[in-house]
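*Asks:* 3D, please:
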Amino acid sequence: MPNAGQGLRQAHEEEELTLENEMWLLLILGGIEVCCGSIAKWNKRLPYIRNLMWRLEASLPSSNANSMSSVHMSLALNCIYHDITGSLATTRDPGIPLRVYETFIRGSLAEPDVYMGASATVYQVYAEIAILAARVSVMDGMDPTADTQYDIRDILLSIHSCAGKIDTLDVHPNVVRVVDDSQEDAYDNHHLVLAFHMHKLAARLLLRQTCLRCAPVDLESRLLCARLLFAIQPVLNTPSEAQILLPLFLVGVDAITPEQRGQVRQFFKSTRQRTGCDNAHAVYALLKRVWAMNPEGKVWIDWRAMAEQSEAVISFA
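*Replies:* Numbers count the residues shown, from 1 in each chain. Below you'll find the model as predicted:
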C-alpha cells in the first residue's frame, strides 16, 4: 500500500501532467490561428494563460522552476512571451504578480529561450512597465486630492526604480561565454547579444512613452530613438528578427523626422516580407494613425488606448 508521501507525489505529478496538457492544447490552438493569419482568439485567451501560469507556479516546490522539464519550461515561456506582448496593447492591469513571471524567467536564464532569446529579463521589465502604465492610466481624471498626490509620488518612485533596473540589466554570462568560446558559436549566437541591447533600449522608450508620458520631441526620447534605430538594423535578417515588432513600433512612435519615419517604414516592409508576420500589418496601421495624430512629435499620444479600441487586434508577438 503506498504511503502518504507517495500519494502526494503522485497527485503532484498528475497535476503537472494536467497543466502541461493544457499548455500544449493552448499553444497548438494558438499556433493554428496564427498560421491562419489571426490572433484575435489568442488575445482573448490571455486571462486564461495568466491563470494557467499562476497555477503552474503554485504547483512548483518552493516556486522553484529548476524542477521543471525542458519541455515544460519551454511551454511556460511561450505562454509568458505571448502574455507580455499582448498585455502591452491595453491600458488594463495584466492582473498577475510579477513573481510568477520571475519564477520561470529566472529558471531559464542559463540557456537562451526560443521565444525571448537572451532577452528574457527585459521581457520581465516589459511586464513591470505594463503594470506601472496601468496604474498611471487609473490616475487619469482623478481629482488632485492629497491622497492622489501620494499615489503619484509612489508611482514615480516605482517608475524611477524600474528605470534603474533597466540600467543594470546585462546579458547572462552563459550567453556571453558561448559567443566568446568559438568563432562559429559567435557567428551563430551574436544576434542574441545584439537583440538584448535592442530590447534594453526599447524598454527605456516604453517606460517614457507609457509611464512618464514623454512626447517624441523630448531630448532624451530623441536620443533613445536614434540609438534604438541604430540597434535594430543589425538584428534584421537574423533569427532574433522574430522579436523585433515591439522595438520597431516603439521607435516608430518617437520617430519625428521624415528620414527616421522612412527608415521605420522600410524596416516594417522588409520584416513583413521575410517573416511573413501578418500581425505586423495591424501594428504598422496603428503606428500610421499615431503619426497622423502627431506629425511633428510635439504631443504625447496614448497609443495603448488606441490599440485597445482598435478594430484589429493588436499584439506585439
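*Asks:* So which bits of stretch 189-201 are buried?
*Replies:* Buried positions in stretch 189-201, judged by neighbour count with 16 or more other Cβ atoms under 10 Å: 189, 191-201. Backbone N, C-alpha and C define where each C-beta goes, glycine included.
*Asks:* Stretch 240-253 too?
*Replies:* The neighbour-count check on stretch 240-253 (16+ other Cβ under 10 Å) flags 240-253 as buried.
*Asks:* could these go into TSV alongside secondary structure and distance to D154?
*Replies:* Output for the buried residues of stretch 240-253, formatted as TSV (DSSP: H, G, I helix; E, B strand; the rest coil; distance: Cβ to Cβ, whole Å):
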residue	secondary structure	distance to D154
S240	helix	36
E241	helix	39
A242	helix	37
Q243	helix	32
I244	coil	34
L245	helix	32
L246	helix	27
P247	helix	29
L248	helix	33
F249	helix	29
L250	helix	25
V251	helix	30
G252	helix	31
V253	helix	26
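*Asks:* Among those residues, which has the minimum pLDDT value?
*Replies:* Least confident entry in these, by pLDDT: A242, with 87.
*Asks:* which residue sits closest to that residue, ignoring its sequence neighbours?
*Replies:* Of all residues not flanking A242 in the chain, T275 sits nearest, at 6.1 Å (Cβ to Cβ, 6 or more residues apart in numbering).
*Asks:* okay, and for this structure, where does confidence drop off?
*Replies:* The model of the chain has pLDDT under 70 over residues 1-17, 30-43, 63-67, 109-110, 175-188, 276-277.
*Asks:* Specify the local secondary structure of P144.
*Replies:* With DSSP: H, G, I helix; E, B strand; the rest coil as the basis, P144 sits in coil.
*Asks:* gap between it and L75?
*Replies:* 47 Å (Cβ to Cβ, to the nearest Å).
*Asks:* just A292 next, same as before
*Replies:* Relative to L75, A292 is positioned 40 Å away (Cβ to Cβ).
*Asks:* just D167 next, same as before
*Replies:* Counting by Cβ to Cβ, the separation of D167 from L75 is 32 Å.
*Asks:* and if you look at N279?
*Replies:* According to Cβ to Cβ, N279 and L75 sit 21 Å apart.
*Asks:* With V251 instead?
*Replies:* Counting by Cβ to Cβ - V251 and L75 are separated by 31 Å.
*Asks:* just C214 next, same as before
*Replies:* C214 sits at a distance of 37 Å from L75 (criterion: Cβ to Cβ).
*Asks:* In terms of packing, which of these two has more residues around it?
*Replies:* Neighbours per residue (other Cβ atoms under 10 Å) separate C214 from L75, with L75 holding more: 23 against 19.
*Asks:* That one belongs to a helix, doesn't it?
*Replies:* Yes - counting by three-state DSSP, L75 is part of a helix.
*Asks:* Contact partners for Q243?
*Replies:* Going by Cβ atoms under 8 Å, 6 or more residues apart in numbering, Q243 touches 115-117, 119, 195, 199.
*Asks:* Now secondary structure too, for those residues, in CSV please.
*Replies:* Below are the contacts of Q243 laid out as CSV (three-state DSSP):
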residue, secondary structure
Y115, coil
M116, coil
G117, strand
S119, coil
A195, helix
H199, helix
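*Asks:* Take these and lay them out in a markdown table including distance to L46.
*Replies:* As requested, the contacts of Q243 are exported to a markdown table (distance: Cβ to Cβ, whole Å):
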| residue | distance to L46 |
| --- | --- |
| Y115 | 15 |
| M116 | 17 |
| G117 | 22 |
| S119 | 20 |
| A195 | 24 |
| H199 | 21 |
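*Asks:* between those residues, which is nearest E220?
*Replies:* The nearest member of these to E220, counting by Cβ to Cβ, is H199 at 18.1 Å.
*Asks:* Show residues contacting the helix or strand where L224 lies.
*Replies:* Per DSSP states H and E: L224 is located in helix 219-232. The contact list for helix 219-232, computed with Cβ under 8 Å, 6+ apart, reads 194, 197-198, 201-202, 204-205, 208-209, 214-216, 244, 247-248, 250-251, 254-256, 260, 263-264, 267.
*Asks:* tell me the secondary structure for I314?
*Replies:* Here I314 is recorded as coil under three-state DSSP.
*Asks:* swap in P216?
*Replies:* Assigned with three-state DSSP, P216 falls in the coil class.
*Asks:* right, and it touches D254 too?
*Replies:* Yes - the pair P216 and D254 qualifies as a contact (Cβ atoms under 8 Å) at a distance of 4.2 Å.
*Asks:* Neighbour count: these two, which is higher?
*Replies:* The neighbour count for P216 versus D254, taken as other Cβ under 10 Å, is higher for D254 (27 against 24).
*Asks:* Which residues are in contact with that one?
*Replies:* Going by Cβ under 8 Å, 6+ apart, D254 touches 205, 209, 216, 221-222, 224-225, 297.
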